[in-house]
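[1] A predicted structure for the sequence below; I have some questions about it.
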Amino acid sequence: MENTFSYRRQEILKGEPLIGYVKSRRPALFTAIEIDREFHRITALSQLSTFCAALDQYTPRLMGRFRCKGGAAGRKIKNVMVEISKDNSYETCKKDHKKLVKDYMDTDLEASASMEQTVIGVYVIENEGLCAGDDPEDIGVLVEGVEVLGKLQNFGDACALLFGLMHYLNLSYPPDLKVCLLVFTRTLFVQWTRTVKR
């Protein structure tokens, strides 16, 4: 993979191929390990560890700022903060991210048709008899209607890998997800600049 990186990168940047074409030509690149390695080749960062470290570092400060917010936005944020403090689970995390996260039941017959229409997102397939604390059946990443990753460990990994795929495939941020994805970008960039300065 190291030897052919520059050729692959030029092919992505100049040709702008569809995701289905890239996946059919280079299926080995669509694993969590290879996405992390490609991200490292492009940015000199280890994606998953940097992403998680940045979240750990900035979450307490963000929570503090959210608590200080006033007005209508402050009331809305306080309601969300109360829910988060009660239940810091997957369900709370995904409530406000319906554009990024698509939920499906394992018995849903229209799930595959809906997945094919997703430009960029994370999908979660749950069992119909799932209890509140149970893990979903499958968590994965969709790009241009193609399932590029599946059977991921958790929602956080899926978001981080989606971010890595966007950089690897040189994809533009969709307008409805632009703010969310820019936060991911800035978080990683700030963490990287602090690492480089040391």
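    Happy to help now that I have it.
[2] Check whether the most centrally placed residue in the chain sits in a helix, strand or coil.
    Taking C-alpha atoms, centre = their mean, the centroid of the chain lies closest to Cys159, which sits 1.6 Å from it. When classified by DSSP: H, G, I helix; E, B strand; the rest coil, Cys159 comes out as helix.
[3] And it, what's its pLDDT?
    If you check Cys159, the pLDDT there is 79.
[4] my guess is it contacts Val124, does it?
    No: here Cys159 does not reach Val124: they are 11.7 Å apart, not a contact under C-beta atoms under 8 Å. Quick note: C-beta positions are derived from backbone N, CA and C, even for glycine.
[5] Give the helix, strand or coil label for the residue lying closest to Glu137 once chain neighbours are set aside.
    By the measure of C-beta to C-beta, 6 or more residues apart in numbering, the closest residue to Glu137 outside its immediate chain neighbours is Ile125, 4.8 Å from it. Assigned by three-state DSSP, the conformation of Ile125 is strand.
[6] Same check on Asp103?
    strand.
[7] right, and it touches Glu126 too?
    Yes: at 6.8 Å, Asp103 and Glu126 qualify as touching, with contact defined as C-beta under 8 Å.
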